[in-house]
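In: Next one to model:
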Amino acid sequence: MSEKSEPFSIHWQSFTLHAVELLAVLDPQGVFRWVNERWEDALGWPPAELVGRQYGELTSPIDLDESNRQFQRLLTGERVAGILHRFQTFDGDWRWIEWNASLGEDGLVYAHASDRTDEQKRIHELAASVEFLRMAEEMSDVGHWRVDLVDGTVFWSPQVYRIHGVDPEAYEPNLETAIDAYHPDDREIVQGHVARSVERREPFDFELRIVRPNGDVRQVHSVGTPQVDRDGEVAGIFGVFRDITKQHELRQRLAQSEKMASIGTLAAGVAHEINNPLSYIQANAHQLAEEFSHLAGVSPSARLREMAEMIDDIRSGTERIGKIVKGLKAFSRSSEARVEIVELPRVVDVAIRLCATELRHKARLTVEADPATPLVRADESQLAQVVINLVVNAAHAFPDGTVDSNEVIIRTGRDTDRAFAFLEVRDNGSGMSEEILSKAFAPFFTTKPQGIGTGLGLSISHGIVRSFGGDIEARSKVGKGTVMRIILPVARGSGVGPADARRTSVAPQRESTPGANIVVIDDDPLVGRSIVRILRDWKAKHETDPRAVLQRIRGGEHFDVILCDLMMPTMSGREFCEALEAHDPTMLERVILVTGGAISIESEQFLARTSVEVIHKPLMPAVVQKAVVQRLDPSA
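Out: Below is the predicted model:
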């Protein structure tokens, strides 16, 4: 170093004494020529030990090449700043040192440095935490997200991108696309949850479906909570996002198992309900046959009136059987949800038809269905399963032999405070303590004796209702009874019930179209002939084999209307339609499919892409006639 004047030397000594940074002077070979006292405080090196050593002796081998490159830059006169390297302490440890240096006019390098070890430790710990979070999210299929309501930006963690099946490098989410990623039937529910969360400043929690760009549908669990700024305004929403597709599929299988566990209980009641109308149907049919055998030569008026009453009884009985079978079909349907507009009073009707016998010997049942109950979007059969479970649980809350004092009330209506529809099952049974109530929806929790029930009923029911954007609220008091309330979002723009008030009456039959060629295809001759009788004004013909009809069409025969059973042994109705479509796609407009049971997945897919009408057995003459009229005259 060049000599300094005495006043300047005093100031220099004072400066180096009080400097908080590491100061050093090095020659062009990188040898320390002078260091201040801070080196000993920070790294344990006494200045006398450090002076005369080349910086490379103390630099980490990992950083040495980079240090040499930076030192060469200094020798060219370029200033170097913010160079971070590891430097060895007197005790052999390593510390992170950040260097800033420049070349002096005297050819020496003047440097000052700071110990950044603690800062680097925090940075590495943070990086490790981020990596651990990424690994944890990946292993648990959980991601986190944030929506900034001020600038509209959306942040997704890497796992949220993976769950959505999109590339973070090519896809930038925003609020609109984030909601559009949900299944079309679920977007309205998501928007409702977010809007209520912001408006009421309360968390939300839902399980719904997203659709990946490749078409895969995933079930996800999203939990979010609003973030409030200093002014008390909601500035954003933070949440976590989990792929629960596997759990959802398992839950569906468990739900189907729960149904099967209930079938034994329901079978006796269903058999009882069916046997009653069957008894008088058989009796009246037998009596009717005898009356007709004696009719010849006898004044018919009185007996004909009596036979008319018998026929009315038969019709009434078959209608009862039809309703019972329809409810049983819904209950035994595949566990895959079919979300549609649903009337809660109708759900109640289906449910009580299936579990009335279970309840009859336990309590009195009262149904209070509000005519103004809003429509909801759900799967009718799954909701019926939930109601059956709640009603059966209510029945089990009563001791035997006290029917007169026991009561179960089922109510439907509108929850005006929250714009929800509700379906409530209330009993005055034994009730539950707060401790038991808190566990009521937990899987495998049951208060029933060992071997009775699976402990899954309420848990599955809760999951079903939540999948439609709703919830089940439970209230109970020991000795007073229990209230289970299903709440569901009102279907937008769908009006209110009851169903009968909205159904369009069947149009009266028009005059038959002269010369209309109608064929009925059903492998069961009795069913086929009964449809022909319904269409007697059109002089329809019956065929048992769809292949024969197909051959006649290919031979040039023209049919104005084709009624075809969906399930047949030689060729199904779907296969017949597909063959017809291959021959002439316009002929599908003339087809009416008839079904009396479950519809296969292949048939559902076919019906989804075509406009073929489907009518259901047991067939009502007016329904069949109206369908034919509309095929003959689409303006009807």
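In: Give me the mean pLDDT for stretch 57-67.
Out: What stretch 57-67 shows for mean pLDDT is 90.
In: ditto for stretch 142-154
Out: If you average the pLDDT over stretch 142-154, you get 89.
In: From the recorded domain assignment, give the ranges for the protein.
Out: 6-115, 130-243, 252-500, 505-632 (automatic domain parsing).
In: Going by mean pLDDT, which of those domains comes out lowest?
Out: The bottom spot among the domains of the chain, by mean pLDDT, belongs to domain 252-500, with a mean of 74.
In: Redo the domains of the chain as CSV? Include mean neighbour count and distance to K121.
Out: Just so you know, the C-beta spots here come from the backbone N, C-alpha and C atoms, and that holds for glycine as well. Shown next, in CSV, are these (neighbours: other Cβ atoms under 10 Å; distance: least, Cβ to Cβ, whole Å):
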stretch, mean neighbour count, distance to K121
domain 6-115, 15, 8
domain 130-243, 16, 15
domain 252-500, 17, 44
domain 505-632, 16, 59
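In: so how far is G555 from A48?
Out: Using Cβ to Cβ, to the nearest Å, A48 is found at 115 Å from G555.
In: C-terminal to the helix or strand A548 falls within, what's the next element?
Out: A548 belongs to helix 546-554 when assigned by DSSP states H and E. Moving toward the C-terminus from helix 546-554, the next helix or strand (DSSP H and E) is strand 561-565.
In: ok, that following strand: who's next to it in the sheet?
Out: Strand 561-565 has the following strand partners under DSSP bridges: strand 518-521 (parallel), strand 591-595 (parallel).
In: mind listing the strands for the stretch 101-250 of the chain?
Out: Using DSSP state E, counting those that start in this stretch, the strands of the stretch 101-250 of the chain run over 109-115, 142-148, 154-156, 204-211, 217-228, 234-243.
In: Throw the ones you listed into TSV and include distance to R377, thanks.
Out: Output for the strands of the stretch 101-250 of the chain, formatted as TSV (distance: least, Cβ to Cβ, whole Å):
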stretch	distance to R377
strand 109-115	63
strand 142-148	25
strand 154-156	26
strand 204-211	12
strand 217-228	17
strand 234-243	23
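In: Ok, which of those strands comes nearest I388?
Out: Judged by Cβ to Cβ, the one of the strands of the stretch 101-250 of the chain that comes nearest to I388 is strand 204-211, at 21.8 Å.
In: What helices and strands are in contact with that closest one?
Out: Strand 204-211 sits against helix 187-200, strand 217-228, helix 457-467, with contacts defined as 3 or more Cβ pairs under 8 Å, 6 or more residues apart in numbering; DSSP states H and E.
In: between the ones you listed, which one is nearest to I436?
Out: The nearest among those, by Cβ to Cβ, is helix 457-467 at 11.4 Å.
In: So which elements touch whatever helix or strand comes next after that closest one?
Out: Downstream of helix 457-467, the next assigned helix or strand under DSSP H and E is strand 471-477. Judged by 3+ Cβ pairs under 8 Å, 6+ apart, strand 471-477 is in contact with helix 457-467, strand 481-489.
In: Work out the gap between strand 471-477 and the centre of the chain.
Out: How far strand 471-477 lies from its chain's middle: 22 Å, per Cα atoms, centre = their mean, to the nearest Å.
In: Tell me which of the strands of the stretch 101-250 of the chain lies nearest to V25.
Out: Across the strands of the stretch 101-250 of the chain, closest to V25 is strand 109-115 (Cβ to Cβ), at 5.8 Å.
In: CA-only coordinates of that closest one in PDB, if you can.
Out: Output of strand 109-115 as PDB, limited to C-alpha atoms (Å, rounded to 0.1, in the frame of the first residue of the first chain):
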ATOM      1  CA  VAL A 109      -7.000  -5.500  -5.600                       C
ATOM      2  CA  TYR A 110      -9.100  -3.800  -3.000                       C
ATOM      3  CA  ALA A 111     -11.900  -6.000  -1.700                       C
ATOM      4  CA  HIS A 112     -14.700  -5.900   0.900                       C
ATOM      5  CA  ALA A 113     -16.800  -8.900   1.800                       C
ATOM      6  CA  SER A 114     -19.700  -9.900   4.000                       C
ATOM      7  CA  ASP A 115     -20.500 -13.200   5.800                       C
END
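In: In which helix or strand does R631 reside?
Out: Assigned by DSSP H and E, R631 belongs to helix 621-632.
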